[in-house]
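**Q** make a model of this:
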Amino acid sequence: MQAIILAGGKGTRLAPLTLDRPKPLVEIAGKPMIAHQLELLARYGIRDVHILTGYLGHMFPETLGDGSRYGLEIRYHAEDRPLGTAGAVKAIASELADTFVVFYGDVVLDMQLDHFARVHRQGGAVGTLAVHPNDHPFDSDLVSFDQADRITAFHSKNRPADDRHENYVNAAAYCLSRDILDHISDEPEDFGLAVFPRIIAGGGHLQAYRTAEFIKDVGTLQRLRETEAKIVSGEVRSRNRENAQLVVFIDRDGVLIEEAGDALTAHDLALLPGVGEAVRLLQQAGYLVIMATNQPGIAKGFIDWDDVNAVHAEIDDRLARSGAFLTDKYVCPHHPHAGFPGERAELKVACDCRKPLPGLLLRARDHYNIDLERSFMVGDRSVDAAAAIAAGCTPLMVRTGFGGRDGICAVGDIPLFDDLPAAARHICALT
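**A** Take a look at the predicted model:
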């Protein structure tokens, strides 16, 4: 495999550090920003590296050499005019491999690149885009995708305030097939603004790669300082999928939001008090926070996936107002019993993901490499506790919602807390 690093920008927001050097050569944690990417590529055996330069481009070979110090072979390509991110890649078409990763030179990241490439090849997409949540989705470019992770739409950060979507942001790390060249015009253009939306509009296949790994655009002095501290502390490396992650699974209805039955819409939801601060507290303690919810209203025909996605977009927006976000959401749409007008027969099945079965938690485990024995599940029903026990993580119950009084499963004595904030404080005290 091959790596392309886009390093042509001026980095005006990092001035004065970029007055005499290109942004990827600004030092962070004792070395040029781009050097962290080169070391990551070397760790995963990706030795064929092409750096596409623009502003002060001569400084890259002067600083990095031919790549031998990193165990790589680096080739440099200088733009004679701005080509855009996609145009710059197309300009070196004759040198592109069948599969290649694309990084932006001002992004600090630590990803399990062999897994990223494997998911791309298995998915059969022309491009696979790393996506992740952040704490400001209302001013970010968002990505929508279906239950198979096939991308369906891109949403500009300039959208109207009431045009809300789930909090999955294009993280600016791509694994692309050479066929992407067929979708790039001969005019200067960018992947995010032009090429990717064009592929979706034409019915093409782009895949979302949901990740909790550290990927951050270090485009301002504040982000530079914050990211440097996370590199030094080990947080950046610890988020690599190679390392087992700790998770707090959270049920949705009765734990994050008020219990409202099987036909809830975004207009009617009410976030429970303090849940944003609770999620943020868990994240600060090093936990991923993942929703695991049964939504049988889909199978019953009361609601559809669009309704569920709208509810989750509203939850994401409200959590972000507290500086918090959910790492991901796992939803069981099934229901085993027939007899509802308008029900969806294909979803009226006995599945392995409907709690009290542990399927949702096990799928998350496999996707994120989760250490279940050191993880928790916070719920308001016995089915939540039973799923946690079956998966091998620690169950906690809250008095909000059903308060553990549903009586569906015999789960014994489970620690009971007033609400999610109280359960979060308990978990953090154990860390």
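
**Q** quick check: the residue lying farthest from the centre of the chain vs Ala345, distance?
**A** Within the chain, Gly339 marks the point farthest from the mean C-alpha position, 37.8 Å out by C-alpha atoms, centre = their mean. Separation of Gly339 from Ala345 (C-beta to C-beta, to the nearest Å): 12 Å. Any C-beta I mention is one placed from the backbone N, CA and C, and that applies to glycine too.

**Q** try Leu109
**A** 44 Å.

**Q** of the two, which one has the most company?
**A** Leu109 (23 against 9; other C-beta atoms under 10 Å).

**Q** wait, what's in contact with the spatially closest residue to the more buried one that is not a sequence neighbour?
**A** Of all residues not flanking Leu109 in the chain, Ile215 sits nearest, at 4.3 Å (C-beta to C-beta, 6 or more residues apart in numbering). Neighbouring residues of Ile215 by C-beta atoms under 8 Å, 6 or more residues apart in numbering: Val107, Val108, Leu109, Met111, Ala130, His132, Ala171, Ala172, Ala173.

**Q** swap the cut-off to 7 Å and go again
**A** Val107, Leu109, Met111, Ala130, His132, Ala171, Ala173 (C-beta atoms under 7 Å, 6 or more residues apart in numbering).

**Q** and the lengthiest strand in the chain, what does it pack onto?
**A** With secondary structure taken from DSSP state E, the chain has its longest strand at strand 169-177. Here strand 169-177 touches strand 99-104, helix 113-123, strand 127-132, strand 142-145, strand 214-217, going by 3 or more C-beta pairs under 7 Å, 6 or more residues apart in numbering; DSSP states H and E.

**Q** deepest of these, which one?
**A** Highest mean neighbour count among the helices and strands packed on strand 169-177 (mean count of other C-beta atoms under 10 Å): strand 127-132, with a mean of 24.

**Q** what packs against that one?
**A** Secondary elements touching strand 127-132 (3+ C-beta pairs under 7 Å, 6+ apart): strand 169-177, strand 206-210.

**Q** in the shortest one, what's buried?
**A** Meaning strand 206-210. Leu206, Gln207, Ala208, Tyr209, Arg210 (16 or more other C-beta atoms under 10 Å).

**Q** can you tell me the closest non-neighbouring residue to the second one?
**A** Leaving aside its chain neighbours, Gln207 sits nearest to Ala125 (3.9 Å; criterion: C-beta to C-beta, 6+ apart).

**Q** wait, the one you found sits on Leu206?
**A** Yes - counting by C-beta atoms under 7 Å, Ala125 does reach Leu206; the two are 5.5 Å apart.

**Q** what is the neighbour count of Leu246?
**A** Leu246 has 19 nearby residues by other C-beta under 10 Å.

**Q** surely it meets Val289?
**A** No - with contacts counted by C-beta under 7 Å, Leu246 stays clear of Val289, the gap being 10.4 Å.

**Q** and Ala313, what does it touch?
**A** Applying C-beta under 7 Å, 6+ apart to Ala313 gives the contacts Arg164, His165, Glu166, Ala266.

**Q** ranking the residues you listed by neighbours, who comes first?
**A** Among the contacts of Ala313, Glu166 has the most neighbours (other C-beta under 10 Å), with 25 neighbours.

**Q** tell me which residue is most central in this protein.
**A** Closest-to-mean residue, the chain, C-alpha atoms, centre = their mean: His132 / 1.9 Å.

**Q** ok, which of the helices and strands packed on strand 169-177 comes nearest Arg21?
**A** Among the helices and strands packed on strand 169-177, strand 99-104 comes nearest to Arg21, with 16.6 Å by C-beta to C-beta.

**Q** right, I'll call it a day here.
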